[in-house]
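**Q** how would this look folded up:
(4 chains)
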4 protein chains.
Amino acid sequence: MKRIGILTSGGDAPGMNAAIRAVVRSCIYHDIEVYGIYYGYQGLIDGEIKQLDIGSVGDIIQKGGTMLFSSRSEDFKTEEGQQKAIEQLNHYGIEGLVIIGGDGSFKGAKKLTEKGYPCIGIPGTIDNDIAGTDYTIGFDTALNTVIDAVDKIRDTATSHERIYVIEAMGRDAGDLALWAGLAGGAESILIPEIKTSYDEVIQKIKRGHERGKRHSIIMLAEGAGNAYDIADRIKDQLNFSTRVTILGHTQRGGSPSAYDRVIASRFGAFAIELLLNGKQGRMVGLENNQFVDHDLTGNFDKNNQEIEELYNLSSQLSI
Amino acid sequence: MKRIGILTSGGDAPGMNAAIRAVVRSCIYHDIEVYGIYYGYQGLIDGEIKQLDIGSVGDIIQKGGTMLFSSRSEDFKTEEGQQKAIEQLNHYGIEGLVIIGGDGSFKGAKKLTEKGYPCIGIPGTIDNDIAGTDYTIGFDTALNTVIDAVDKIRDTATSHERIYVIEAMGRDAGDLALWAGLAGGAESILIPEIKTSYDEVIQKIKRGHERGKRHSIIMLAEGAGNAYDIADRIKDQLNFSTRVTILGHTQRGGSPSAYDRVIASRFGAFAIELLLNGKQGRMVGLENNQFVDHDLTGNFDKNNQEIEELYNLSSQLSI
Amino acid sequence: MKRIGILTSGGDAPGMNAAIRAVVRSCIYHDIEVYGIYYGYQGLIDGEIKQLDIGSVGDIIQKGGTMLFSSRSEDFKTEEGQQKAIEQLNHYGIEGLVIIGGDGSFKGAKKLTEKGYPCIGIPGTIDNDIAGTDYTIGFDTALNTVIDAVDKIRDTATSHERIYVIEAMGRDAGDLALWAGLAGGAESILIPEIKTSYDEVIQKIKRGHERGKRHSIIMLAEGAGNAYDIADRIKDQLNFSTRVTILGHTQRGGSPSAYDRVIASRFGAFAIELLLNGKQGRMVGLENNQFVDHDLTGNFDKNNQEIEELYNLSSQLSI
Amino acid sequence: MKRIGILTSGGDAPGMNAAIRAVVRSCIYHDIEVYGIYYGYQGLIDGEIKQLDIGSVGDIIQKGGTMLFSSRSEDFKTEEGQQKAIEQLNHYGIEGLVIIGGDGSFKGAKKLTEKGYPCIGIPGTIDNDIAGTDYTIGFDTALNTVIDAVDKIRDTATSHERIYVIEAMGRDAGDLALWAGLAGGAESILIPEIKTSYDEVIQKIKRGHERGKRHSIIMLAEGAGNAYDIADRIKDQLNFSTRVTILGHTQRGGSPSAYDRVIASRFGAFAIELLLNGKQGRMVGLENNQFVDHDLTGNFDKNNQEIEELYNLSSQLSI
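**A** Numbering: from 1, shown residues only, chains lettered A, B, ... in the order given. The predicted structure follows:
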């Protein structure tokens, strides 16, 4: 393999730049040329492609977002779009690809692999919801962003009798809200994986209040309810003052944490190692502290055991 | 004057602890006893009062919130409540008071002064909306919290074609949203003081898009509109993807910035100086970099000239 | 077991408070009384002991340092000191103990266990240098503190032709400097585990300069050299301007990161579980993402394989 | 005036990018072409010059350092160097210049003005030591960097009996150390403007210790002593454990604070306004909250009154 392409796809996540840097410099270390494909699969179709050298990835390890930009591409879902992508790969002489992104991005990588262009996927999303790896790039940074918000609210919370609802990202996955709730000492946590009725939350607040608790923080994954609905219900039933914070896309940004940078760097170097060893259609992962690789679109069931353990621990500690 | 009381009232703000520390230590420096009154005017009525020494205010200068807690008191608005407060002051032998808070808190301070208990007010609120001073404690910290959110969104914004709406605090005052919009490089700013229609915002986004701009950040003071309404209008009229962030009470927390700590310390020491010089019914302020004092409930019109200048500058720079 | 004591010993580390909170609340959850022993083993000897309830550990999860304070005790190394400690345990009816600290602290815990007072150790030190666990509380926070410094220096480094030397903690262990060097993109890393001569560092800088590199960052563990010596050597031999940063005890402070809080919480709950299951003389650990327990003073050789891998990766990526 | 050049010179400071952005966009707003001169006066001599458009300064307001880079130029001090610089200005048709930097940089600006190329200076240095303005770009950010370090040390300081010495920048100016000492609650502050003997510092520590104080933080401006010397003296005379932190160039980096961005933006826009109004050989400044302009190399005595006030306040509050 003489020439490798790299792209980021789907939602961006802090740490993607560290992975890009590792891919680029590992290629150069192994005397392979490396091409950056800008704007994800759409950019591949449109030929937004440029060779990268050592300096191209200087001073990016500490930056949020992705220097290659990202996008979602409808075109690439069509046979025609994929054909154009392949023409670009041929035009640039790119023989293999590294794709940084989530489940959706990996489907595209699988397609390209099947058509003769070996791909390796690197899991990158703040949701930490990709089966086959314990960790996805961006999760740790996003988590620290969320607990920073919780800490700030806690400062002011102690001064007032009030209930705070904080909404974190996570339509289908509660990892972010759960870890943040545990790390932030939230009184209640609502996540998609574990059904909790608003009434249970309200009863817990009521019991806390009877024991003298003057304020409570409720951490909510966006997929587990609506922050304003919960706040209204609490106000209606308990007549407590409530305040809502919607963190939104602040969770996607920020300088990546040390952990995200290190794991991203290792994923990037490992992806190149796999390609050089003739592997294809694989994603890299971290399982029980070991770097592993799996079929790109393997049908893994995400194990919810840790989620239940952390949820129970949080309940035990937030009494 | 032998014994002084101190309380914080209304919404808390980062830096209040630095002011408390300065009041307490300035008293001790001048051989005056100082009593902390917890939970604002309500705590004064209820007798939540304790003597403070040097150590009481150790290691608090860096902490958010207020170590004396705060509250809003309906009781204190009644003649009966004020009578009870005075009984407590007599009981503890407190001859003068320092009140840290906003306009509402100063009305109570005025009342106590009129009844023979000299008060000095220290302006503390993240809104920076107290007439008679260019600065209120907490504003700088809150501002940095808001721009931290803007910066994080900017990281991810560059990767996608999308419009972001960020709602900052400020029901009647736009300082926070305006400074944050300028410092964060927001494309549009909506504040209560300057009427901007949703249509103007939408037209600006449209023009920007035609010039190739792929993303825009709209900074909104809560008193100038509803973030979800704006986002919906943009989506309806321009068919752009939109995302909303509601910062909420995160803006009230956090370790105070250096500027807040220094100004709060100076306000605190100056308040004690005024009391010792026999002044009463005054609030301390900072005007044109000079420490001044004014009548506690003077009817100042807030000068909106700086707001207009900054608004125009922001428009000029966010082209 | 009806009554458990908890203390922190040796150097403090961010996250210790989260562990204390978890120990206290897990005890209460299991209807066990819990006593805080202040100032480590010295406080145990001196009887600085107080019962803790749910509220005692409220709002501490986000705080640096340890609410129980710490100390090093010469007295406890003597038979007499240990005897006094045991008298205090008997006096307070404390039947088991949780000790948060490092190797030295665990030796004391071993002693107490042998004398009939079952102890469980929780590894807490920013150095991450305790054998038998992949992780020690505080490491992640310290690491992020170090890379924050590296990032700041990088901002200014790009503007000037200059060599920066940053000294991180680590007399015998290079984890902090190594991870920080990798995460910060340092050009050279010097750690105790891997011999690197000053000359190698200087040659690398020289080669980089010949390729057009205008600035370099050297990350140094304090046990691997002297920052000023290296800086002087570079200046002498290459005539480059150099600047030194000594991070010192800033690395011990700061609000704990999310990861530190979660792991500390899990360690704390797990320690109580072990005590309740009749285990004694054990330390909790995290190995390959599993929570394990080992003999408190087991003679583990720390595996340096990961250190070598990360060091090589860093060399490969900082070309 | 049709075409303006901009350069940054001397030590960089956070917020310089915000000033560059304001200069560039103000020019474009007024239909003036603007050229970026890279690497300061040396780059002017060498012709490192490029036209800037709106997009050139997009997404830089939040970045540390200077996108135009900086340098110190020996060549520009010679008549020959200046002649080459003028040839470049003529070649590019640059009629006026904005120079961001410190005293030294302004001397060069004065020279160019005298030779017929009107210059306006913008004060930018973290030292806040330029006469004729109350504020220089970068000071607020650097200050917050220093107090962040103080806060972190305070976290760990409370756990141990120990004296911490923190060295901040400031060879001739103590503003940074003084404000940081006050804002961080340091027990002693040593700055070049106010003579304090090591013995006074040691006596204060001793008295504090006798009153029960277990730890002290000493804030030192680099121009007022040597951190290691003080630490050694304390150890020798009091036998206390001491720890040193040298912040070094971390103080030059970091994302600029809100205040730095706003003031820098206003300075930038104001500089262009002055040039358009035919002013030359002026520096912009902020005095008593008013934007003013002064002769570029006016011989202002820096007023040390505020320094004395803050020093005394700090002494009063750190009892």
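**Q** where exactly do the strands run in chain A?
**A** For chain A, applying DSSP state E gives strands covering A:3-8, A:33-37, A:49-52, A:96-101, A:119-123, A:162-168, A:188-190, A:215-221, A:242-246, A:282-287, A:290-295.
**Q** Which one of the ones you listed lies nearest to chain B?
**A** The closest of the strands of chain A to chain B is strand A:242-246. By CB to the nearest CB, the value is 3.5 Å. Any C-beta I mention is one placed from the backbone N, CA and C, and that applies to glycine too.
**Q** now check the closest one, is it near chain B?
**A** Yes. Against chain B, strand A:242-246 shows contacts by CB under 8 Å from any CB of the partner chain at A:243, A:244, A:245, A:246.
**Q** what's the answer for stretch A:208-226, then?
**A** No. Stretch A:208-226 stays clear of chain B (CB under 8 Å from any CB), getting no nearer than 9.2 Å.
**Q** Now the terminal residues of that stretch, how far apart.
**A** Taking CA to CA, to the nearest Å, the first and last residues of stretch A:208-226 lie 22 Å apart.
**Q** Only the buried residues of it, if you could.
**A** Within stretch A:208-226, the residues scored as buried using 16 or more other CB atoms under 10 Å in any protein chain shown are A:208-209, A:213, A:215-225.
**Q** what's the pLDDT at residue A:159?
**A** Per-residue confidence (pLDDT) for residue A:159: 68.
**Q** swap that for residue A:97, please
**A** Predicted confidence (pLDDT) for residue A:97: 98.
**Q** Same question for residue A:3.
**A** For residue A:3, the model assigns a pLDDT of 98.
**Q** Please produce JSON lines containing the residues of strand A:242-246 next to chain B, extended by distance to chain C, neighbour count and pLDDT.
**A** Converted to JSON lines, the residues of strand A:242-246 next to chain B look like this (distance: CB to the nearest CB, whole Å; neighbours: other CB atoms under 10 Å in any protein chain shown; pLDDT from 0 to 100):
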{"residue": "A:243", "distance to chain C": "18", "neighbour count": "20", "pLDDT": "96"}
{"residue": "A:244", "distance to chain C": "21", "neighbour count": "20", "pLDDT": "97"}
{"residue": "A:245", "distance to chain C": "16", "neighbour count": "24", "pLDDT": "98"}
{"residue": "A:246", "distance to chain C": "20", "neighbour count": "22", "pLDDT": "98"}
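**Q** between the residues you listed, which is nearest chain D?
**A** Taking the residues of strand A:242-246 next to chain B together and measuring to chain D by CB to the nearest CB, the closest member is residue A:245, at 19.9 Å.
**Q** so who does that closest one touch?
**A** For residue A:245, the contact set (CB atoms under 8 Å, 6 or more residues apart in numbering or on different chains) comprises A:149, A:153, A:164, A:165, A:166, A:167, A:227, B:246, B:247, B:248, B:249, B:250.
**Q** Can you select the buried ones among the residues you listed for me in PyMOL?
**A** Here is the PyMOL command that selects the buried residues among the contacts of residue A:245 (16+ other CB under 10 Å):
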select buried, (chain A and resi 149+153+164+165+166+167+227) or (chain B and resi 246+247+248+249+250)
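**Q** what does the model give residue A:155 for pLDDT?
**A** 88.
**Q** What residues does residue A:238 make contact with?
**A** Contacts of residue A:238 by CB under 8 Å, 6+ apart are A:163, A:202, A:205, A:206, A:209.
**Q** Name the nearest residue to the third one, sequence neighbours excluded.
**A** What sits nearest to residue A:205 in space, not counting adjacent residues and going by CB to CB, 6 or more residues apart in numbering or on different chains, is residue A:216, at 5.1 Å.
**Q** Over to the second one?
**A** Of all residues not flanking residue A:202 in the chain, residue A:237 sits nearest, at 5.5 Å (CB to CB, 6+ apart).
**Q** So that neighbour sits against residue A:205, correct?
**A** No. Using CB atoms under 8 Å, residue A:237 makes no contact with residue A:205, being 9.3 Å away.
**Q** neighbour-wise, which of these two wins?
**A** residue A:205 (21 against 14; other CB atoms under 10 Å in any protein chain shown).
**Q** My guess is that one contacts residue A:198. True?
**A** No. The pair residue A:205 / residue A:198 is not scored as a contact, 10.6 Å apart, by CB under 8 Å.
**Q** ok, the closest residue in space to residue A:119 that isn't next to it in sequence - how many residues close by?
**A** Using CB to CB, 6+ apart and skipping residues adjacent in sequence, the residue nearest residue A:119 is residue A:109, 3.8 Å away. For residue A:109, the count of nearby residues is 29 (other CB under 10 Å).
**Q** Residue A:109 contacts residue A:99, correct?
**A** Yes. Residue A:109 is within contact range of residue A:99, at 4.3 Å (criterion: CB under 8 Å).
**Q** shared neighbours, the two?
**A** A:119, A:120, A:121.
**Q** want to throw those into JSON lines with pLDDT and neighbour count?
**A** Converted to JSON lines, the shared contacts of residue A:109 and residue A:99 look like this (pLDDT from 0 to 100; neighbours: other CB atoms under 10 Å in any protein chain shown):
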{"residue": "A:119", "pLDDT": "98", "neighbour count": "27"}
{"residue": "A:120", "pLDDT": "98", "neighbour count": "30"}
{"residue": "A:121", "pLDDT": "98", "neighbour count": "35"}
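**Q** Next, the contact list for the residue in chain A that chain D sits nearest to, please.
**A** Residue of chain A nearest chain D, by CB to the nearest CB: residue A:255 (8.7 Å). Residues in contact with residue A:255, defined by CB under 8 Å, 6+ apart, are A:14, A:62, A:63, A:64, A:141, C:151.
**Q** and the second one, backbone torsions?
**A** Phi and psi for residue A:62, reported as degrees, to the nearest 10, are phi -100, psi 0.
**Q** ok, now which ones touch it?
**A** A:255, A:256, A:261, C:147, C:150, C:151, C:154, C:184, C:185.
**Q** What score does the closest residue to residue A:16 other than its chain neighbours have for pLDDT?
**A** Closest residue to residue A:16 apart from its sequence neighbours, by CB to CB, 6+ apart: residue A:66 at 4.2 Å. pLDDT, residue A:66: 95.
**Q** looking at it, residue A:66 is touching residue A:17, isn't it?
**A** Yes. Residue A:66 is within contact range of residue A:17, at 6.1 Å (criterion: CB under 8 Å).
**Q** now residue A:72: how far from residue C:141?
**A** Counting by CB to CB, to the nearest Å, the separation of residue A:72 from residue C:141 is 36 Å.
**Q** The two: which has the busier surroundings?
**A** Between residue A:72 and residue C:141, counted using other CB under 10 Å, the more crowded position is residue C:141 (28 against 18).
**Q** Tell me how many other residues crowd the residue nearest to residue A:56 when sequence neighbours are not counted.
**A** With sequence-adjacent residues excluded and distances taken as CB to CB, 6+ apart, residue A:56 is closest to residue A:24, at 6.6 Å. Using other CB under 10 Å, residue A:24 has 27 other residues around it.
**Q** ok now do residue A:24, which residues does it touch?
**A** So residue A:24 contacts A:6, A:34, A:36, A:52, A:53, A:54, A:56, A:57 (CB under 8 Å, 6+ apart).
**Q** Now with 6 Å, please.
**A** A:34, A:52, A:57 (CB atoms under 6 Å, 6 or more residues apart in numbering or on different chains).
**Q** Tell me the pLDDT of the residue lying closest to the first one once chain neighbours are set aside.
**A** Of all residues beyond its chain neighbours, the one nearest residue A:34 is residue A:27 (3.9 Å), with distances taken as CB to CB, 6+ apart. The score at residue A:27 is 98. That number is its pLDDT.
**Q** Report the angle between the lowest-mean-pLDDT helix or strand in chain A and strand A:162-168.
**A** In chain A, no helix or strand scores lower on mean pLDDT, DSSP states H and E than helix A:198-210, which sits at a mean of 92. Interaxial angle, helix A:198-210 versus strand A:162-168 (axes from the mean of the first three to the mean of the last three CA atoms, to 10 degrees): 140 degrees.
**Q** what packs against helix A:198-210?
**A** helix A:227-238 (3 or more CB pairs under 6 Å, 6 or more residues apart in numbering or on different chains; DSSP states H and E).
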